[in-house]
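1. let me see the structure of the following:
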Amino acid sequence: MQPLLTCTTEELVCLLSMCGYHEMAKGLGESMLGEKTPEAWDAVIEGAAHQMMLKGIWDTEKAERDEVPLGDEWQRFTEQYAESSYLVRFVDRVKGQSLLFHQISDDQWFYHHVINDVIHIFAKVETQKAYNEVDRFFNIAASAKTVRQEFVLTPEQFDRLTDDEQVSPILTELSAVAEPPSISAFEDFVQDLAEQNWTLKNGSAFQIGDQQNDMTISDLFFFLPAQNGIWLVVYEIENGKQQVRLTKTSKQEWLQTSEVLFRNKVSTR
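-> Down below sits the predicted model:
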């Protein structure tokens, strides 16, 4: 895969700002760099512009004519990135990395690898290639044999699992209503969760509205690699009530669940 652009958060903010996407630039900047005064943002943009000059992205002749100081190629890239109406995102908090895909046509996406909220690597990929990049990003080994396990929690119980001190109370609650196989599955999940620093990975999809920062989540699942499979965590409605189903399954099923996120059509702004 040939990278299209490698830049810092400051440079990406500068690209968006120079092309008129000020709200998106501000939202991205504040989410990764924190809130700043107008003077501080001016300094950020100026410093980023100098770096973009070194990379040949900044067009000094256009700047002197008070035009958008970017070549046509970079203006088009920024426009496609900012105007994308569908986003798929995978997050690995343990590694401090995210992998995003911004849909730009029916079968094309901007691959967007974010490292420590500092470095952004962009490339253009087709949908099948995007599937492969998700697999490579997480690099989860396939198990020779996966023994399927499953249990169900309430959303409130699932939220409490971020605190290891809540494991025992949840186990007591679960023991009152669940069968032994579900209890065993819960205990195995907790052990796997502890080995991953009590942190789940996740995949999500967002519809993006007319406003640059107007994002609505349309799909979400969590997952957790285990020694002999992958735990899939999904919210669902059962008998009119929301619940969280946790299932240990194969790598193939995890990949299929990930691929579903890419199957929404481009929405029109």
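2. list of residues touching stretch 29-39?
-> For stretch 29-39, the surrounding residues in contact (Cβ atoms under 8 Å, 6 or more residues apart in numbering) are 9-10, 13, 41, 44, 117-118. All C-beta atoms are positioned from the backbone trio N, CA, C, and that covers glycine.
3. got the CA coordinates for that stretch in PDB?
-> The C-alpha atoms that make up stretch 29-39 are tabulated as PDB, following Å, rounded to 0.1, in the frame of the first residue of the first chain:
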ATOM      1  CA  GLY A  29      -7.500  20.100  17.000                       C
ATOM      2  CA  GLU A  30      -9.300  20.300  20.300                       C
ATOM      3  CA  SER A  31      -9.900  16.600  20.500                       C
ATOM      4  CA  MET A  32      -6.300  15.800  20.000                       C
ATOM      5  CA  LEU A  33      -4.400  18.900  21.100                       C
ATOM      6  CA  GLY A  34      -6.700  20.400  23.700                       C
ATOM      7  CA  GLU A  35      -8.400  23.800  23.800                       C
ATOM      8  CA  LYS A  36      -6.200  26.800  22.900                       C
ATOM      9  CA  THR A  37      -6.500  30.600  22.600                       C
ATOM     10  CA  PRO A  38      -7.000  32.000  19.100                       C
ATOM     11  CA  GLU A  39      -3.400  33.300  19.300                       C
END
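4. let me know the next secondary structure element after whatever helix or strand Phe137 lives in.
-> Taking DSSP states H and E as the definition, one finds Phe137 inside helix 127-138. Under the assignment DSSP H and E, the closest C-terminal helix or strand after helix 127-138 is strand 149-153.
5. just checking, what packs against that following strand?
-> Counting contacts by 3 or more Cβ pairs under 8 Å, 6 or more residues apart in numbering; DSSP states H and E, the secondary-structure elements packed against strand 149-153 are helix 167-175, helix 180-195, strand 241-249.
6. how does it look with 6 Å?
-> Contact here means 3 or more Cβ pairs under 6 Å, 6 or more residues apart in numbering; DSSP states H and E; on that basis strand 149-153 packs against helix 180-195, strand 241-249.
7. could you point out the longest helix in this structure?
-> Looking only at the chain and at elements set by DSSP state H, the helix with the highest residue count is helix 38-55.
8. list the buried residues of that helix.
-> Using 16 or more other Cβ atoms under 10 Å as the burial criterion, the residues of helix 38-55 that qualify are 41, 44-45, 48-49, 52.
9. want to throw those residues into a markdown table with distance to Val134 and pLDDT?
-> Putting these into a markdown table (distance: Cβ to Cβ, whole Å; pLDDT from 0 to 100) gives the following:
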| residue | distance to Val134 | pLDDT |
| --- | --- | --- |
| Trp41 | 34 | 91 |
| Val44 | 32 | 92 |
| Ile45 | 33 | 92 |
| Ala48 | 30 | 95 |
| Ala49 | 34 | 93 |
| Met52 | 30 | 94 |
